[in-house]
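*Asks:* Quick one, what's the 3D model for this:
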Amino acid sequence: MSDEKAVAADLDSLSTAELHDRAVKHARDHHDLRFLWELLRTIPAAAASLGEGERAEYDMMHSLSLLEEALHAGEGELGQALRPVYIDYLTKHGGK
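*Replies:* As a prediction, the model looks like this:
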């Protein structure tokens with residue numbers, strides 16, 4: 001058995017809650033926004049597959065609301081409070 005298959009088999013033996021907690025912790029610790037965004041994109045489809053249409057719609061709208069908030073977080077007092085975050089990011093990533 002390959003190492004990857006062995007790891008997958010070990011992970012498959014964990015509870016769903018443990019898998020969730022490990023995956024989210026790893027993504028947070030490694031700043032893996034791509035995984036977290038993919039999770040947010042997948043939750044509504046998973047809810048819909050369970051016949052939970054209202055939850056799927058709510059989850060989708062909530063995710064979009066958070067994205068919209070992030071896109072406009074440069075305005076007003078919130079924008080002022082986030083200035084150090086923007087400066088730190090742009091300094092580290094060569095932004096001008």
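
*Asks:* check contacts around Gln80.
*Replies:* Counting by CB atoms under 8 Å, 6 or more residues apart in numbering, Gln80 touches no other residue. C-beta coordinates here come from the backbone N, C-alpha and C atoms, glycine included.

*Asks:* how does it look with 10 Å?
*Replies:* Gln80 sits next to Gly74 when contact means CB atoms under 10 Å, 6 or more residues apart in numbering.

*Asks:* how far away is it from Asp88?
*Replies:* 15 Å (CB to CB, to the nearest Å).

*Asks:* and if you look at Leu19?
*Replies:* Taking CB to CB, one finds Leu19 at 32 Å from Asp88.

*Asks:* Between those two, tell me which one has more neighbours.
*Replies:* The residue with more neighbours, out of Leu19 and Asp88, is Leu19; 13 against 10, by other CB atoms under 10 Å.

*Asks:* Which elements pack onto the host helix or strand of that one?
*Replies:* Using DSSP states H and E, Leu19 falls within helix 16-29. Helices and strands touching helix 16-29, by 3 or more CB pairs under 10 Å, 6 or more residues apart in numbering; DSSP states H and E, are helix 3-12, helix 33-49.

*Asks:* how far is that helix from where the chain is centred?
*Replies:* Helix 16-29 sits 11 Å away from the centroid of its parent chain (CA atoms, centre = their mean, to the nearest Å).
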